[in-house]
Every structure is written in C-alpha cells, then in structure tokens.
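Trainee: after the sequence you'll find the predicted model.
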Amino acid sequence: MLISLKEALAYGEENGYGIAAVNTPTFEMLTAAISVAERFDIPMILAHAEVHDPVNSVESIGAAMVALATRSSAKFVVHIDHGENIEFIKRGFEVGFNSAMFDGSRLPYEENVRITKEAVALAKEHGAHIEAELGVMPGREDGKDSSEGVGDRTLYTDPALAADFVEKTGVDALACSFGTVHGLYKAEPKLDYDLIVQLREATGVPIVMHGGSGLSHEEYRECITRGVQKINYYTYADKAALQGSQAFLASNPETYVMAPVTVAAREAVEQDLAQLVTCLYQKA
Ligand SMILES: [Zn+2]
C-alpha cells in the first residue's frame, strides 16, 4: 500500500530507523526491493531518478512501481529522485508518484528557493510531498566518478542557511551534504556527525542521506540516531545485480536466453538489500 513520505519518515524517527530509498530503474531491482520490504515487513521508498529515465521511463517502470507498491502488503512511498526539472516531477505525479525530490543544489541559492517552492506548490495539488537539497554531494546516480570533492567541507550544508531554506520553501525533508558522495567511494568517506545534529535541529525536518552505498553499518547507525531518516541507496544494489548476472553466466556458459539471467540478478539484489535493511531497521 502507499503511505506518504511524511508518514514514512515519522515512522523512522519514532523507531530509530533509516527508511531505505531504493532506486529501481529496472524490473529486477523493483521486484527485489518489493520482496525484501514484504519479507521484513518494513516501509520502503521506491525511487526513480530523472537520470535513469533513459533506462526505463517514468511512464513504464514508474507505472509498474506505483501498481506493485499499491497492491503490496508492505508500505511504500513512490518517489521521484533528483528531479532537476519541474516538468519531470509533474510526469511522476501524473503516473501516481506521491513524493519527489527537487534537486536545485547546483543552482544559485535564491533560484533553488524559488523553484523548490514551485515544486512544493505542485506537490500540494497532488497530495504529495517534497524533498529538496542544499549543499553539494559530489557525483551523480549515473555512477560517474565521485572521488572528486570527498571531504571538501566548503560543499557541506550550512545549518543556518538550511533553516532559512526550509522555512522559505516548506519542504518535508532536506538532503544535506555532511560527507557522503554519490556512486562508489574511491577515498574514505568522512562523515560529520555533529553537523547532522545541527542540521536536524536547525531545520526541524528529517535529514536525507544521498550516496548511502558503501558506508559501514556503524556509520549508517550513527547517522540515523542523529536525525537521518531517509537513506538513498542504489549503486551497490545495481552492482549486485551485475555481479549476480556475471556469476550466473560464468557457471552456465551454455545459456542461450536472457530470463534466467534476470532471475539471478534479482536474487543478488534481494541479498544485498536484505543486508542493508537489517542494518537500517535495527531498533535504536
Ligand atoms: Zn542523490
């Protein structure tokens, strides 16, 4: 069934959970995420990033996300990830998404405020909620090199500015930069835990972690207890899908059809996500 982003994050805060937001650009990722949420009976956020629209469009994989989430016994938010254009967020809402992230983090501050406000107004028309971003996290969901900028404190989110931003825009959650990067880590992540506490207190809204792949379980838990209630996760799950496929092909070289490869991919993603949620949904 569908629940709102606000409900999911409040549930996370009450229980000391980090709600997993998993990008599901392919059907294997989607069915794996749903089966893990059902198996563990946990709320989850299914996300479709604008950068993944060429893989499968929001009208195709997005419609499947909404349909499967709605009929599932587990609770889901269906969310646009890194919408960089209002038009794309609109397409998501028209398909039935009930949450979206507008990413104006690379825009000048006033421009980010202005378009984020537009996204909030659009979401209200659809009974949906908005996450926005302030501060810069290196890398993107497309898996391009993200080592540049690791530990660069000038990119971190400023708590006073974050408070001003949330007050002006009315967003429901804020993606902040406190030391994570998108994609694969090439250098050790340096997380600023005190900054998370300051951001949570200053903004009054749950903090979102982007670039959640590759952190240790301890690092996740430390972030969650300080106010991170949404954890974006993609790279390692999709990497698991590839490795599952490669392992299947290596042990079944005579395969001449694709379907068993997609099953192997799905099973590998299920294993990866099961490990993730065991950590994120630990009782605090
Ligand atoms: Zn992100």
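Mentor: Nice, thanks for sending it over. Residues are numbered from 1 along each chain as shown.
Trainee: low pLDDT regions in this structure?
Mentor: 138-152, 184-187, 284 (pLDDT under 70).
Trainee: mind listing what the most centrally placed residue in it touches?
Mentor: Among the residues of the chain, the one closest to the centroid is residue 232, at 2.8 Å (CA atoms, centre = their mean). By CB atoms under 8 Å, 6 or more residues apart in numbering, the residues touching residue 232 are 21, 23, 47, 81, 175, 208-212. In short, each C-beta sits where N, CA and C put it, glycine included.
Trainee: ranges for the strands of the stretch 1-150 of the chain?
Mentor: Assigned by DSSP state E, counting those that start in this stretch, the stretch 1-150 of the chain shows strands spanning 19-23, 44-49, 76-83, 99-102, 129-134.
Trainee: show me what the last one is packed up against.
Mentor: Secondary-structure packing of strand 129-134 (3 or more CB pairs under 8 Å, 6 or more residues apart in numbering; DSSP states H and E): helix 5-15, strand 99-102, helix 109-125, helix 159-169, strand 173-176.
Trainee: quick one on the thing from earlier: of all the strands of the stretch 1-150 of the chain, which lies closest to residue 66?
Mentor: Nearest of the strands of the stretch 1-150 of the chain to residue 66, taken as CB to CB: strand 76-83 at 5.3 Å.
Trainee: what helices or strands is that closest one leaning on?
Mentor: Counting by 3+ CB pairs under 8 Å, 6+ apart, strand 76-83 packs on helix 5-15, strand 19-23, strand 44-49, helix 61-71, helix 86-95, strand 99-102.
Trainee: so that strand versus strand 44-49, what angle?
Mentor: 30 degrees (axes from the mean of the first three to the mean of the last three CA atoms, to 10 degrees).
Trainee: list the buried residues for strand 76-83?
Mentor: 76-83 (16 or more other CB atoms under 10 Å).
Trainee: make CSV out of those and add distance to residue 265.
Mentor: Shown next, in CSV, are those (distance: CB to CB, whole Å):
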residue, distance to residue 265
76, 21
77, 24
78, 22
79, 22
80, 24
81, 21
82, 23
83, 27
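Trainee: thought residue 32 was touching residue 270?
Mentor: Yes. Residue 32 is within contact range of residue 270, at 4.5 Å (criterion: CB atoms under 8 Å).
Trainee: between those two, which has more neighbouring residues?
Mentor: residue 32 (27 against 21; other CB atoms under 10 Å).
Trainee: residue 225 - how many residues pack around it?
Mentor: When neighbours are counted by other CB under 10 Å, residue 225 comes out with 14.
Trainee: typo on my end, it should be residue 102
Mentor: By other CB under 10 Å, the residues close to residue 102 number 28.
Trainee: from residue 132, how far off is it?
Mentor: 5 Å (CB to CB, to the nearest Å).
Trainee: anything in contact with each of these two?
Mentor: Joint contacts of residue 102 and residue 132 (CB under 8 Å, 6+ apart) are 116, 119.
Trainee: identify the residue nearest residue 153 in space, chain neighbours excluded?
Mentor: Of all residues not flanking residue 153 in the chain, residue 192 sits nearest, at 7.9 Å (CB to CB, 6 or more residues apart in numbering).
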